[in-house]
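# Can you look at this prediction? I've put the sequence above it.
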Amino acid sequence: MPCKRVVFADSHHAADCAQRLRQFAADRIYPLLLLERERELWVEFIPGEPVGRGDEAVLPDLAALLATLQKRAPRRVPLRETPWLTELRADLAFLEQVRVLDRATAGALSEWADGIAPSHVWEGVDCSDAIPKNFVTSPSDRLRAVDIESLAADQLLGVGAAKACLRWWTRPDACAAFLDALKAQGCPDYFAYFPFVELSFRAFWLKSSLLEGKKKFVNPGILTGLLESSSG
């Protein structure tokens, strides 16, 4: 069986990823784990055709894949017992400090965040990096994820959908169709507060893109556009 070797920063992170791969091994949506050795994992190499940005043909399959993850032992918890709102406020404050956002915009986004924050959120397993390059259509015409590090636990559920809506679909109504497909799969109901999930994800992604030197992604419009659409 063709395989690939993935090296992690330490054995703890490798073991965590290995445990999650074992958890979903029977579902065959991520590569099979072949060997775990200290901070290295050997996993199945999945051949297939790359997925194009804006490819809506895979929308139902991506919804089914994410649903498989999100429906595995999700937990509904009070927002106050999670870090999500605190981290969102901190990310917006950081973006103001480094002048990606001006004071008025950061203040308006922070006020909006407080207004749309739900009393409870769903946490669990999700794909933290749902972008086309991390998926292939296998020879059996099945959509499979190939980036094992994107299989993440203890996530604010919906981050996979939030990233796909930002980086995958090109038509404005494609995101709505994608969310409808996720609902049809019986995912936990984060849809009632999806704007909060989107804002949280986008603020974090903007901050991390800046810190990692990915200047082409440092676009405050991905935040202000959400705010404008909410009042439009």
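On my side now, so go ahead.
# Can you name the element that comes right after the longest strand belonging to the chain?
Using DSSP state E to define each element, the chain has its longest strand at strand 120-127. Next in sequence after strand 120-127, counting helices and strands by DSSP states H and E, comes strand 135-137.
# If you count contacts, what does the helix or strand just after that next one end up packed against?
Next helix or strand after strand 135-137 toward the C-terminus (DSSP H and E): strand 143-145. When contacts are defined as 3 or more C-beta pairs under 8 Å, 6 or more residues apart in numbering; DSSP states H and E, strand 143-145 packs onto helix 59-70, strand 135-137. For every residue, glycine as well, the C-beta is placed using N, CA and C.
# Touching the next helix or strand after the first one from outside, list them.
Following the chain from helix 59-70 toward its C-terminal end, the next helix or strand by DSSP H and E is strand 75-78. Contacts of strand 75-78 with the rest of the structure, by C-beta atoms under 8 Å, 6 or more residues apart in numbering, involve 119-124, 188.
# Same list (those) but as a markdown table, adding distance to residue 219.
Putting these into a markdown table (distance: C-beta to C-beta, whole Å) gives the following:
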| residue | distance to residue 219 |
| --- | --- |
| 119 | 31 |
| 120 | 31 |
| 121 | 26 |
| 122 | 28 |
| 123 | 28 |
| 124 | 29 |
| 188 | 30 |
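# can you tell me which two in those residues are farthest apart?
Farthest pair in the contacts of strand 75-78 (C-beta to C-beta) is 119 and 124. Separation: 18.0 Å.
# circling back: please produce JSON lines containing the helices and strands packed on strand 143-145, extended by distance to residue 94, mean pLDDT and mean neighbour count.
Listed next are the helices and strands packed on strand 143-145 as JSON lines, based on distance: least, C-beta to C-beta, whole Å; pLDDT from 0 to 100; neighbours: other C-beta atoms under 10 Å:
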{"stretch": "helix 59-70", "distance to residue 94": "28", "mean pLDDT": "97", "mean neighbour count": "21"}
{"stretch": "strand 135-137", "distance to residue 94": "31", "mean pLDDT": "95", "mean neighbour count": "20"}
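# Make JSON lines from those and add distance to residue 50 to it.
Compiled in JSON lines, these are given as follows (distance: least, C-beta to C-beta, whole Å):
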{"stretch": "helix 59-70", "distance to residue 50": "14"}
{"stretch": "strand 135-137", "distance to residue 50": "6"}
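# Counting neighbours around each, name which of residue 119 and residue 124 comes out higher.
residue 124 (21 against 8; other C-beta atoms under 10 Å).
# neighbours around the residue nearest to that one when sequence neighbours are not counted, how many?
Distance criterion C-beta to C-beta, 6 or more residues apart in numbering; nearest residue to residue 124, sequence neighbours excluded, is residue 74 at 3.8 Å. Here the number of neighbours of residue 74 (other C-beta under 10 Å) works out to 18.
# which residues sit in contact with residue 74?
Counted by C-beta under 8 Å, 6+ apart, residue 74 has contacts 122-125, 157, 188.
# what comes into contact with the longest strand of the chain?
20, 23, 65-66, 69-70, 72-79, 82, 84, 134, 145, 150-160, 163, 188-190, 193, 196.
# Buried subset of those, written for ChimeraX?
Selecting only the buried entries of those in ChimeraX, with 16 or more other C-beta atoms under 10 Å as the criterion:
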select :20,23,65,66,69,70,74,79,84,134,145,150,151,152,153,155,156,157,158,159,160,163,188,190,193,196
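# on that earlier part again, can you tell me how far the residue nearest to residue 124 sits from residue 158?
Look at residue 74 and residue 158: by C-beta to C-beta, to the nearest Å, they are 11 Å apart.
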